[in-house]
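In: dropping a prediction and its sequence here:
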Amino acid sequence: MIPYGHQNINQDDIDSVVNVLRSDYLTQGPQVPLFERNIASLTNAKFAVASSSASAMLHVACLALGVTKGDRVWTSPITFVASANCALHCGAQIDFVDIDFNTANMCPKALASKLKIAKENGTLPKVIIPVHMAGHSCDMETIAVLAKKYGVKIIEDAAHGIGGQYKENKIGSCRYSDITIFSFHPVKIITSAEGGVATTNDVELANKMGLFRSHGITKDTELLSRPNEGDWYYEQQLLGLNYRMTDLHASLGNSQLNRINEFIESRHKLVRRYQSLLANSDIRIVTPLSNSISSYHLLIVQLPNKLHRKLVFNHMREMGICVHVHYFPVHLQPYYQELGFKKGDFPQAEAYYQSCLTLPLFPDLTSEELAFICDTLKELIK
């Protein structure tokens, strides 16, 4: 079976984890701060805070921005459920902004219209969470202008986006946002097995996120209310959680970062091959904005409307090609329908879902496998 995504682990990665296993610290040691510094350096952000997962970090980011009961948070309906769940975990109300069908990202025009109506109704969100679908950046400058106009904070959900770029800025630089979140799940660009990182340029937000991810506890003498109590002393200053990343995970992440440019270059090469082989078909590849450089976490295509996607999906799987679908619209999930969302609420997202298909894309995908995938799909189209 050809998977839709797969980690690439070499001997350096293995050695880095083994070295931690043989060290004095399996957690709360030097590897996590090193990983944070490395991510901050990669993205040109001032601060980075690591945690156990991107889902955990989305929750922490909302907490740091003060999201609470009575607040509203908006995100895209085409995303993994964590992008929306994080608001509910804070007691806030969640809503969605429809996508641009061509990019699968939050539509700036739909956002502008929804914000205008919300302003008139006194229902503006506290935070919006645009999602960089497949690693393709949203139109962040336009979104940031709208957010500033209406006094809304921005969390970029860049779970797919490490190593990507928007205009002249690395995704994660927070040039157009308050916080950016990355994921390091095994199918992502680089992996720490499980893990997430938030970047920000705001020292207060960085400190809050650091507290929230570790029980709300600090030993930093500059932050203590009783700095002379003793070296054993720590303070709980917030009601936090245990979302810490271990040194084992961070060491793998640090090793993988050494090859991030290689991984992204490989993905771009494979995408160009896909584009060439599918060029004369009715299959449309979802591509990034012209002013951005995608990390290409996913290769998503739109099938011709006449095709029954389920039949294509099942046949590709029968042929040993592990295609996937990203994503079933969040607002149509049973839990969210119980909150009042219904079919027809976000028509562009629903139309996109009906014909989208994710094809395998990962650095170890061979030219022969890629050709087989394209030939099989094109034959089905016929």
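Out: Here it is on my side, so go on. Numbers count the residues shown, from 1 in each chain.
In: mind giving me the domain split of this protein?
Out: Using automatic domain parsing, the domain parsing of the chain gives 11-257, 260-381.
In: most tightly surrounded among these?
Out: Of the domains of the chain, the one with the most neighbours on average (mean count of other Cβ atoms under 10 Å) is domain 11-257, at a mean of 20. Backbone N, C-alpha and C define where each C-beta goes, glycine included.
In: in the chain, which residue is most central in space?
Out: Central residue of the chain (Cα atoms, centre = their mean): A159, 1.5 Å from the mean position.
In: isn't that residue up against K188?
Out: Yes: contact criterion Cβ atoms under 8 Å: A159 and K188 qualify, at 7.2 Å.
In: re the thing from before, residue contacts, the nearest residue in space to the residue nearest to the centre of the chain that is not next to it in sequence?
Out: With sequence-adjacent residues excluded and distances taken as Cβ to Cβ, 6 or more residues apart in numbering, A159 is closest to S183, at 3.7 Å. Contacts of S183 were listed using Cβ atoms under 8 Å, 6 or more residues apart in numbering, and they are S53, A54, A159, H160, I162, G195, G196.
In: how about those in a markdown table, adding pLDDT, secondary structure and distance to Q302?
Out: A markdown table is the format used below for the contacts of S183 (pLDDT from 0 to 100; DSSP: H, G, I helix; E, B strand; the rest coil; distance: Cβ to Cβ, whole Å):
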| residue | pLDDT | secondary structure | distance to Q302 |
| --- | --- | --- | --- |
| S53 | 98 | coil | 30 |
| A54 | 98 | helix | 26 |
| A159 | 98 | coil | 22 |
| H160 | 98 | coil | 18 |
| I162 | 98 | coil | 25 |
| G195 | 98 | coil | 32 |
| G196 | 98 | strand | 29 |
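In: the helices in the stretch 251-382 of the chain, which residues?
Out: With DSSP state H, counting those that start in this stretch as the criterion, the stretch 251-382 of the chain has helices at 260-277, 309-318, 334-338, 347-355, 367-381.
In: how far does the longest one sit from the chain's center?
Out: Spelled out, it's helix 260-277. Centre-to-centre, helix 260-277 and its host chain are 20 Å apart (Cα atoms, centre = their mean, to the nearest Å).
In: now do that helix, average pLDDT.
Out: Over the span of helix 260-277, the pLDDT mean works out to 98.
In: and it, what other elements does it pack with?
Out: Taking 3 or more Cβ pairs under 8 Å, 6 or more residues apart in numbering; DSSP states H and E as contact, the helices and strands that helix 260-277 lies on are strand 284-285, strand 299-302, helix 367-381.
In: let's go with 7 Å and repeat that
Out: helix 367-381 (3 or more Cβ pairs under 7 Å, 6 or more residues apart in numbering; DSSP states H and E).
In: for the helix it packs on, give me every contacting residue.
Out: 2, 270, 273-274, 277-278, 281-283, 304, 307, 312, 315-316, 319, 321, 359-360 (Cβ atoms under 7 Å, 6 or more residues apart in numbering).
In: noted, bye for now.
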